[in-house]
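Colleague: Take this sequence and fold it.
(chains A, B and C)
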Amino acid sequence: MQKRIAICAVAQIKNDPNLWYARFQNMLLECFEGIMSQANVSFDMEKGIRTVITCSDDVWDARTISDNGMTDVVGAHFRGEEKMAQESLNGLGYAMASILSGHDDVVLYMGHMKESQPESRNMCTNLAFDPFYCRPLGMDFVNVNAMQARVYMEKSGVTEEHLAKIVVRSRQKAKENPFARENEPINEDDVMKSPLLADPLRQLHYYPTTDWAFGMLLCNEERVKEFTDKPVWITGYASCMDSYFLGDKDLTSNFSLKNATERALKKAGIKNVTKDIQLFELCDHAAYQLPMWAEGIGLAKEGKGGKWIDDGGMDEFNVNMSGGMLNGNPLLLGGAARAIECFYQLRGEAGKRQVKGAKRALAQSTYGAAGQHQAVVIFEV
Amino acid sequence: MEYWGVKVEDIFDTMNDRFRPEGAKGVTAKFGYDITGEGKWKIIVSEGLLEVIKTDDISDCVAVMACDGETFVGINIGKVDAANAFTSGKVKIEGDFGQFGKTARMFKKYVPKKAAMSTRDYILDMFGTLVSRFQPQNAPEEAVIVYDIGGADGGVWTAYIKDGKCELKEERAEKFTVKLEVQDAKDWVDVMLGKVDAFSLLSAGKAAIVGQTQLALKLGEIFAKYQDPMASGTPEQELIVLKKIISVDQKFSTGPVMGKFLNALKEKKILGNKCPKCGRIQLPAREVCAVCRVRVDEWVEVGPKGQVRYMEYVYYASPDPLTGETRETPYGMANILLDGCTGNDTFAHLIRRDQIDRIKGGKDDVSGTRVRPVWNEHRTGSIFDIKYFEIDE
Amino acid sequence: MAHKKNRNVAIIGIGQTKHSSHREDVNQPEMIHEAVSAALKDANISIKDVDCIVHGNMELFEMIHQPDLWHVLGTGAYGKDSIRITTGGTVGTTLACASDNLVASGMYDIVMAIGFEKLQEGHTTGGITNMADPLWFRNLQTGALTGSTAYDVIQEFGEDRAKRAAMMYRIIMDKHACLNPNAHRAFGLDFDQVETLMNTSPKLVGELRLIHMCSQSDGACAVIFASEKKAKELSKKPVWIRDHITIHREETFNIFGYHKDYPVLKTHKFAAEQLFKRNDIKNPLEYFDVFEMYDPAAWWGLDWLRDFFFLKGDEHLRLVENKEIMIGGSMPINPSGGVIASNPIGATALLRVAEAALQVRGDAGAHQIPKEVKHALASGFGGTMWTVLMMLEKELSW
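Modeller: Next comes the predicted model:
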């Protein structure tokens, strides 16, 4: 078991379908001021924040070195700044490394993403494929996820009805989350009748276009009392990369998620995932992913995702009390949103959706098509 | 002198053939070439026409390229890296560098000539390789194909196909499945090299098919394509470079601060915002003062006149990444201290192009050239509501 | 005094490709794989021994979104922890800093950093200009090209001396590059060309001429980092990471006031001051045996010597004029030929660390400096004048 780091403060704006009136600097500034007002922290070279980690993306911002535009509003002038150019949950893992290495006592972590800025999300994710083969075939995260959905649903007995149930539950939970994207109320029939994006994925099976920004203050165990009385600890982080070509992998094997989970749990010293962890936040970009990731983490038995939903698994294990990614977080920031829900829950500040007596939580995130890259973080109070 | 078997003259002598009028669109200029030990050439480009002259008088050229013969030939046939030769000073460009750059798009690549093969050579080579090009999997079980190629270079051959084998004899079979009659051997060579479509020969009456037309049309599958021995050899690896332009439309929000700043330009006003802590004035206006890490709320109108503190004199024709258009060079991008601003609170913008040679930067209390904005008539709330700054005189 | 660290970290493997303007013979993962294989071979380990891969480059230069997903075909990240972290031109040094942090934290024992760029697959100056705010500066900027440093040095030391010193610096870098088989550009320039080149090389911006500016290269670099325990088990010549620092600055270039009452704070100097202070190094020029500097242009390389080494007056010019920055000199700068010779941007700053480490090991081959290298410095540059510095040591004795 390794040492732990603390999340001292969290700030965010509300997830929004289209923040047309704000540029990302405005979004981040609100979060920056939020953190500064909560924690008595400075940018002193000896005792304060020397390193800021950011999360954003060049393609989505249409800006080379997208963190360059963030420097001013994240306080990084004449301080260090490093960009997590990957899914945001990995930024927490990297912050952990920066702090546990001894290099930094305190780290500010901030991220933004405006999915409403580019004309098409699929045009952006199409660029994640090689220019010779997969890109000309028109692959993007939606249609490749649809292929995974097809084989997974077959394997695990997940039906259209299950998916509808997942989406409706997500919307209900999100209603109790003041920072969640506001969506139209829907019922299961609406889900099953929503237009197909890529068979079997329907529009309501997929998370909607969202703009959002967040900030977090992290520090080492020695200095935590300076910044908060109620730290939430990060005790384990791991990630895993699967192979690239779809033909090279079993789309339902959960290879990368199983590895990431196993390694993160080992680092956090946790033996039994269902007994020792009371809350799970999963990055369900699409509805089918919720039971699929639940299988990968070990909440549901392999190949039994459908039955797990019928048996009330989502509520039994307190999965996605925030509403999940499915209700709307931007692609790159789903992991940060999951981590922030874990933070509120473990602090007992989750309002109506509070899970009583939660001591440990797990956040999962994924990037790439069909869950190619997976990350897992374990939290504790 | 020959370099890699090519003379400097060869490059110039073929320029007219290699000229691409579409690449010379909008260019009217004379370019000079001073090739050490080889002589001087001048090319005159005007309204999509080209004239190449060997002359010692290249003094009226807008730009002159100077280098030795080996480098010149090397660059033209791809043996010498042009950028490296240029950077290291092996190639010098005197005069208007930007204009000279346009010559790169005016010509097709020079391809060295090889000793030519005659029509007879080709005919013999084609039939000599016919059996080796036979594709039994695409062939009928049994067929007799007669090739009757007319003209002095022609001849008559018969291919006998049976049980997956092909035999070629220089004879005329009386009983055949199909017979091809071509009047001129040269036409047949052109068809085999892919220069002429066989159907155009047929429709022009220069060739005919007797017997099973269906089989004649399948000849391209029964025999693998004839490879021109004069064409550059098959590459060791099949390397393909995929060229793509990628664009995704974007909606960039201004937010309230940049929005106010840009909107003011519509009213011919330049608004900066002032840090409540250090008092610096930010241009363009920004949400925070990065130095003090505080939100900036106070607005001040500055300028519109000011003095240049430093100007970038840009010769490099860089593309405008928002449009892909290459900027006209040279141009001046100045850091202007607008009236009401101090210290390093300068404002970056362009200088009127015909005035850039007269701009002087300021130092300490000595003022740089005084400038004023030239406003666009139609203002939309963009940086180019100011066309550029010009000298205030 | 030393900067505190949870545990020590060493470089145990180094690999790079040949840097070139033409790598049409390989695609991106294949090019990366060349560097990865070389680094594993150098460390005498297999990919199975690596716990985590750290990947970095600039997405918009090749227009591949999150390229680590495709590049897994060449990086060896399959089944492993893998993160992607970037900063700009500095990204290579950021990869090294991140790898140092990841190993020092105790989270991973062996980490491989991979920096790459295939600049021929995009438009570099256009790509860099895309860094600027789309509403404002993107319409005005010319990538990383600026004549301002040339202007400053000429203002301070007079036109002739300044231009000669910059060209001397350039020619020294070329002489170094001629000794480095991996260098992209090695022209064979000589000192008798100073006069000609400084007057005839085509101008890009002001007195920044084509010959002064770095290349646009294709290339990749991989460096393997290990914990003290692993490094001692696996490597005969581990190179220890002592400390690193990253300093960014604001987005706007408000540094052109030219007024003595409003001095401009410089990131390179600030970073060096902070780093050397916390490591108790009073005279860096004396302390370090070699410096691999991210010098994108000869004028910058010349000017920045002053910032990094706290030099006064014309000391930095004299270092160049007296050829003290040459391989046999008192402070060899960029024995590899530096960035002017080879610049695959995402790999460039990691190459500075890699080349500095090769010097410490004594394994740099023809461009190895003659004196023993105990202490080496590597720098990264990018963004709006961002700095990363990393200190390497031969012995674990600070």
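Colleague: rest of the way, CA atoms for contacts and neighbours
Modeller: Fine.
Colleague: how much space between the residue of the stretch 151-300 of chain A found nearest chain B and residue A:370?
Modeller: Residue nearest to chain B within the stretch 151-300 of chain A (Cα to the nearest Cα): residue A:211, separated by 12.2 Å. Plainly put, residue A:211 is 23 Å away from residue A:370 if you go by Cα to Cα, to the nearest Å.
Colleague: Also residue C:243?
Modeller: For residue C:243, the distance to residue A:370 (Cα to Cα) stands at 39 Å.
Colleague: what about those two, which has more around it?
Modeller: Per other Cα atoms under 10 Å in any protein chain shown, whichever of residue C:243 and residue A:370 has more neighbours is residue A:370, with 24 against 21.
Colleague: what's near enough to touch that one?
Modeller: A:141, A:144-145, A:148, A:251 (Cα atoms under 8 Å, 6 or more residues apart in numbering or on different chains).
Colleague: Phi and psi next, for it.
Modeller: Backbone torsions of residue A:370, given as degrees, to the nearest 10, read phi 50, psi 40.
Colleague: Secondary structure element holding the closest residue to residue A:89 other than its chain neighbours?
Modeller: Sequence neighbours aside, residue A:335 is the residue nearest to residue A:89 in space, at 4.4 Å (criterion: Cα to Cα, 6 or more residues apart in numbering or on different chains). Using DSSP states H and E, residue A:335 sits in helix A:334-347.
Colleague: Give the pairing partners of the helix or strand just after that helix; include direction for each.
Modeller: Remark: after helix A:334-347, the chain's next helix or strand is strand A:360-367, criterion DSSP H and E. Note on strand A:360-367: by DSSP bridges, its sheet partners are strand A:279-281 (parallel), strand A:373-380 (antiparallel).
Colleague: Let's see strand A:360-367 as PDB, backbone CA atoms only.
Modeller: In PDB, the C-alpha atoms belonging to strand A:360-367 read as follows (Å, rounded to 0.1, in the frame of the first residue of the first chain):
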ATOM      1  CA  ARG A 360     -15.000   4.500   0.100                       C
ATOM      2  CA  ALA A 361     -15.800   5.300  -3.500                       C
ATOM      3  CA  LEU A 362     -14.500   4.300  -6.900                       C
ATOM      4  CA  ALA A 363     -14.500   6.500 -10.000                       C
ATOM      5  CA  GLN A 364     -13.900   5.100 -13.500                       C
ATOM      6  CA  SER A 365     -13.300   6.800 -16.700                       C
ATOM      7  CA  THR A 366     -12.600   5.800 -20.300                       C
ATOM      8  CA  TYR A 367     -11.200   7.300 -23.400                       C
END
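Colleague: residues in chain A within reach of chain B, list them.
Modeller: Within reach of chain B by Cα under 8 Å from any Cα of the partner chain, chain A has these residues: A:20-23, A:25-26, A:29, A:62, A:71-73, A:75-77, A:116-120, A:123-124, A:132.
Colleague: These: which ones sit near chain C?
Modeller: A:62, A:71-72, A:76-77, A:124.
Colleague: Which members of these define the maximum pairwise distance?
Modeller: Within these, A:77 and A:124 form the most distant pair, 30.2 Å apart (Cα to Cα).
Colleague: returning to what we had before: contacts only, for the spatially closest residue to the residue of the stretch 151-300 of chain A closest to chain B that is not a sequence neighbour.
Modeller: Excluding its sequence neighbours, the residue lying closest to residue A:211 (Cα to Cα, 6+ apart) is residue A:114, at 4.4 Å. Applying Cα under 8 Å, 6+ apart to residue A:114 gives the contacts A:18-19, A:24, A:60-61, A:210-212, A:330.
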